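In: Fold the stuff below for me.
(one chain, ligands or ions: 1)
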Amino acid sequence: MAKITIQDILKKKAEGRKIAMLTAYDYPSAQIADEAGIDAILVGDSLGVVVQGLENTLPVTMDEMIYHTKMVARAVKNAMIIGDMPFMSYQASMEDAVRNAGRFLKEGGATAIKIEGGAEVADKIRAMIRSDIPVMAHIGLTPQSIHRMGGYKVQGKTRSAARRLIEEAKVAEDAGAFSLVLEGIPMALAREITKTLSIPTIGIGAGPHCDGQVLVFHDLLGLFDRFVPKFVKRYAHMKQDAVRAVEKYREEVEKGIFPAEEQSFK
Ligand code: KIV
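Out: Numbers count the residues shown, from 1 in each chain. The predicted structure follows:
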């Protein structure tokens with residue numbers, strides 16, 4: 001199978017086929033996502049929380065994002081790789097935005113970038129696209145706006161807020177984004193945005209009517225348990241399983257059961 005392209009992602013929406021996206025941050029997680037047939041791997045700045053153990057994504061740097069994107073790129077054969085623009089990599093100037101977005105393609109091996117925001121980053125989306133950098137936009141609950149939002153709160157709940165998000169979505173599409181993440185919004189609003197746009201919407205905490213879904217790798221596999229958002233479905237409980245396995249190893253070392261003869265040289 002060949003590498004998945006932007007055109008393949010657009011075709012999926014046109015044909016009414018759902019898009020499965022997942023985050024990954026390193027060689028093993030990317031290999032698992034790719035072998036499982038995931039369409040697009042997002043090297044999300046969520047790595048700040050689930051890999052680095054930070055409180056939120058704000059401290060994550062461009063250099064850290066490139067470091068992780070390179071590891072992902074080494075593992076992936078088919079999935080599209082999307083690099084996530086971290087906080088303050090695009091806000092201060094147009095030049096920052098284009099240069100940093102370009103690093104994901106030039107150094108990281110990504111096909112596209114994701115940027116939080118719609119209307120307020122439309123000029124930057126246009127500039128990136130003029131530089132041949134495909135862009136996925138991200139509206140609704142945007143984690144880099146945690147302090148403006150006063151926490152991770154569902155967005156677009158009032159009629160005026162919903163209308164604003166519909167407008168933001170159209171502006172992102174008009175600016176040239178090839179896809180749009182809808183995070184933490186009511187499912188009826190996500191359905192309306194999905195019907196309005198010709199580009200695919202990818203939901204997280206936005207209900208079943210989006211053109212695709214994205215989850216955080218560590219949430220899906222039950223590797224992260226500091227908090228579990230309502231929208232997460234755990235398909236495994238790998239942290240519990242790993243703790244049990246490591247406990248067993250410790251007990252066997254303490255009792256002299258490991259290593260046995262088959263793990264020893266003659
Ligand atoms: O950083 C991330 O992983 C994300 C997704 C959850 C959409 O932005």
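
In: Tell me the residue of the stretch 1-150 of the chain that sits nearest the ligand?
Out: As assessed by C-beta to the nearest ligand atom, the ligand sits closest to residue 44 within the stretch 1-150 of the chain, at 2.1 Å. Every C-beta, even on glycine, is put in place using the N, C-alpha and C of the backbone.

In: What's the local residue count around the closest residue to that residue other than its chain neighbours?
Out: Computed as C-beta to C-beta, 6 or more residues apart in numbering, the closest residue to residue 44 that is not its neighbour in sequence is residue 23, at 4.2 Å. The tally of other residues near residue 23 (other C-beta atoms under 10 Å) stands at 28.

In: Equivalent analysis for the one 10 residues further on, please.
Out: The criterion is other C-beta under 10 Å. On that basis, residue 33 has 26 neighbouring residues.

In: Report the buried residues of the host helix or strand of it.
Out: Taking DSSP states H and E as the criterion, the element that holds residue 33 is helix 27-35. By neighbour count with 16 or more other C-beta atoms under 10 Å, helix 27-35 contains the buried residues 27, 29-31, 33-34.

In: Reformat the residues you listed into JSON lines and put distance to the ligand and pLDDT next to each item.
Out: Formatted as JSON lines, those follow (distance: C-beta to the nearest ligand atom, whole Å; pLDDT from 0 to 100):
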{"residue": "27", "distance to the ligand": "18", "pLDDT": "98"}
{"residue": "29", "distance to the ligand": "12", "pLDDT": "98"}
{"residue": "30", "distance to the ligand": "14", "pLDDT": "98"}
{"residue": "31", "distance to the ligand": "18", "pLDDT": "98"}
{"residue": "33", "distance to the ligand": "13", "pLDDT": "98"}
{"residue": "34", "distance to the ligand": "17", "pLDDT": "98"}
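
In: Any part of the one helix or strand residue 218 maps to near the ligand?
Out: Assigning secondary structure by DSSP H and E places residue 218 in helix 217-220. No. No part of helix 217-220 sits near the ligand under the criterion C-beta under 6 Å from any ligand atom; the closest distance found is 8.7 Å.

In: The helix holding residue 33: what's the following helix or strand?
Out: Past helix 27-35, heading to the C-terminal end, the next element that is a helix or strand (DSSP H and E) is strand 40-43.

In: Run through who's touching that next one.
Out: Here strand 40-43 makes contact (C-beta atoms under 8 Å, 6 or more residues apart in numbering) with 4, 9, 19-25, 30, 33-34, 65, 68-69, 72, 76, 79-84, 108, 110, 114, 212, 214.

In: Let's see which of the residues you listed end up in strands.
Out: Counted as lying in strands by DSSP state E, out of those, are 19-23, 80-84, 114, 212, 214.
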